[in-house]
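K.L.:
Pasting the sequence and the predicted coordinates here, then a few questions.
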Amino acid sequence: TEVGLAPDKGARHDDGSLPACSRDTGGLQIETGRDKEDAVNTASVRLTRTVVRTLAAYSLCAGLLSSGPGEALAQSATQDLLYVTAQDTLLVIDPISLKIVKTVKVTGSMGPSAATTTDGKRLFVSNSALQGVMVIDTETSQVIELVRVGINPVGPMLLSPDGKTIWVMSEEAVSVIEAATHRLLAQIPVDDGVSGGMTFAPAGTSWRAYVSNPKDNSVTAIDAEKYVPLARIPVGKSPWRGVVYSKLSEKVYVANTGSQDLSVIDPTTNTVVKTIPLPRRGFNSIAITKDGRHLFLDSRYSREGGDSQIVVDASTDSVVATIDLRLTGTSSPVNPSRLAFTPDGRLGISIHKTSPNVTVIDVAALKVLKTIALKPLSEKVLYRCSVTLSPDGNTAYVTSAIEQTITVIDVPTLTVRATVMTHAPTCGMTYVQRR
């Protein structure tokens, strides 16, 4: 679908209102409120930083109307939905019937990073090609705005603890977006060229954000209300995406891939109070249990005894288990990439980069409960991209970018319920509860 571009006004009208999309019997229209000649002046558009928001808003508007067969299906304001990102395709799926109710083509390339508002009415999704964050109205599944945040915003995206702001990491800065108005409130510079990990921690009556800087081996503490850096804390080597807060120990934990250890930060003093040596390397992420007691770190280097989850007890700040994720009697690498816990905290669902299987961990026993064998649909190296649990914990959804599928697992029976063919490189997924 092609669409004309109106002159750049920051992707808004002169009166501050947003452009709207509509369809009539004649096809696509853009309702700009401006002279029609401006709206159809499409001779040449130069994509620069100064016009990227305008290009994004109007092109996305066009893309929203390039929908699949499910477009005519009405969306109830109380219906839960799965939003799945597949580069330039946004899939809207009914989590119960597993039907794709809408297929939305967008400009640019969406990443896996996403966050929702507390009421579920807005979904924020990163778009690396447009150097911004798309704002989606979940009642209509329309992209209503693009907030430009900088180069390659593929780092973590989090809703602040008070629910008022969205925090997203790019290669240039940590950007803070007001959830209600979509206004860019602040951009805090970070380690140039690398997106690290991020978490929030309470400090008295306020909150702080902790952001890892992989290139200079540090963590930046940021005042989450004033949006200013408070301290730069030296940690181990190469602290990538693994940054979490434990409400049990009231400490921040940072996984250092290069030095093979875990830095423990006291948020009241912004200092490292302990360094925990780890028996394996290759940490891509940390998952922490709901009670804040156990931290699970994926170890991905098979040559050094990887393919495991290393478990740290936050009550003692010590390693208490190393869980081998490979099938019994085999040495085939699995390369764990993500772990998600059921809402009751009993089970951990681990997915892998080079194995089609899904591993289920008994959190209390700290051991593998079951390996769910999935038949690969491709001979290529597999990449299980994300795992998402339904709010009731009864269903797990596992995406695969290579196979272009969503595997649906029934958690009570630990069996595969269905496989949804998406026909797109499916990666990020967000379960949206609209209240």
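P.N.:
On my side now, so go ahead. Note that the structure is predicted; figures quoted are calculated from it, not measured. Residues are numbered from 1 along each chain as shown.
K.L.:
only C-alpha atoms for contact and neighbour calcs from this point on.
P.N.:
Will do.
K.L.:
Show me where this structure has its helices.
P.N.:
For the chain, applying DSSP state H gives helices covering 36-39, 52-64.
K.L.:
Could you identify which of the ones you listed has the lowest mean pLDDT?
P.N.:
For those, mean pLDDT drops lowest on helix 36-39, to a mean of 36.
K.L.:
residues in contact with residue 398?
P.N.:
Contact analysis of residue 398 by Cα atoms under 8 Å, 6 or more residues apart in numbering lists 351, 384, 385, 386, 387, 388, 406, 407, 408, 409.
K.L.:
My read is that the last one contacts residue 396, right?
P.N.:
Right, residue 409. Yes - the criterion here is Cα atoms under 8 Å, and residue 409 meets it with residue 396 at 5.0 Å.
K.L.:
Quick one: the contacts of residue 398 as CSV, columns for neighbour count, distance to residue 80 and pLDDT too.
P.N.:
Putting these into CSV (neighbours: other Cα atoms under 10 Å; distance: Cα to Cα, whole Å; pLDDT from 0 to 100) gives the following:
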residue, neighbour count, distance to residue 80, pLDDT
351, 27, 24, 90
384, 29, 24, 80
385, 22, 22, 84
386, 24, 19, 90
387, 26, 17, 93
388, 23, 14, 95
406, 26, 17, 93
407, 20, 18, 93
408, 22, 16, 96
409, 21, 18, 97
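K.L.:
can you list the residues you listed in JSON lines and add distance to residue 146?
P.N.:
Shown next, in JSON lines, are the contacts of residue 398 (distance: Cα to Cα, whole Å):
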{"residue": "351", "distance to residue 146": "31"}
{"residue": "384", "distance to residue 146": "28"}
{"residue": "385", "distance to residue 146": "25"}
{"residue": "386", "distance to residue 146": "24"}
{"residue": "387", "distance to residue 146": "26"}
{"residue": "388", "distance to residue 146": "25"}
{"residue": "406", "distance to residue 146": "27"}
{"residue": "407", "distance to residue 146": "31"}
{"residue": "408", "distance to residue 146": "31"}
{"residue": "409", "distance to residue 146": "34"}
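K.L.:
Out of the residues you listed, list just those in strands.
P.N.:
351, 384, 385, 386, 387, 388, 406, 407, 408, 409 (DSSP state E).
K.L.:
what's the angle between the biggest strand by length in the chain and strand 384-389?
P.N.:
Using DSSP E, we find that the single longest strand of the chain is strand 100-116. For strand 100-116 against strand 384-389, the angle by axes from the mean of the first three to the mean of the last three Cα atoms, to 10 degrees is 90 degrees.
K.L.:
next one: strand 100-116 to chain centre, how far?
P.N.:
When C-alpha coordinates are averaged (Cα atoms, centre = their mean, to the nearest Å), strand 100-116 and its chain have centres 12 Å apart.
K.L.:
And for stretch 202-218?
P.N.:
Stretch 202-218 sits 19 Å away from the centroid of its parent chain (Cα atoms, centre = their mean).
K.L.:
Can you mark which positions in it are buried?
P.N.:
202, 207, 208, 209, 210, 211, 212, 213, 214, 215, 217, 218 (16 or more other Cα atoms under 10 Å).
K.L.:
I'd say the last one and residue 235 touch.
P.N.:
Yes - because the distance of 5.1 Å satisfies Cα under 8 Å, residue 218 is recorded as touching residue 235.
K.L.:
So for this protein, the centremost residue is which one?
P.N.:
residue 113 (2.8 Å; Cα atoms, centre = their mean).
K.L.:
Help me confirm that that one comes into contact with residue 428.
P.N.:
Yes - the pair residue 113 / residue 428 is scored as a contact, 6.9 Å apart, by Cα under 8 Å.
K.L.:
how many neighbours does residue 412 have?
P.N.:
Using other Cα atoms under 10 Å, residue 412 has 9 neighbouring residues.
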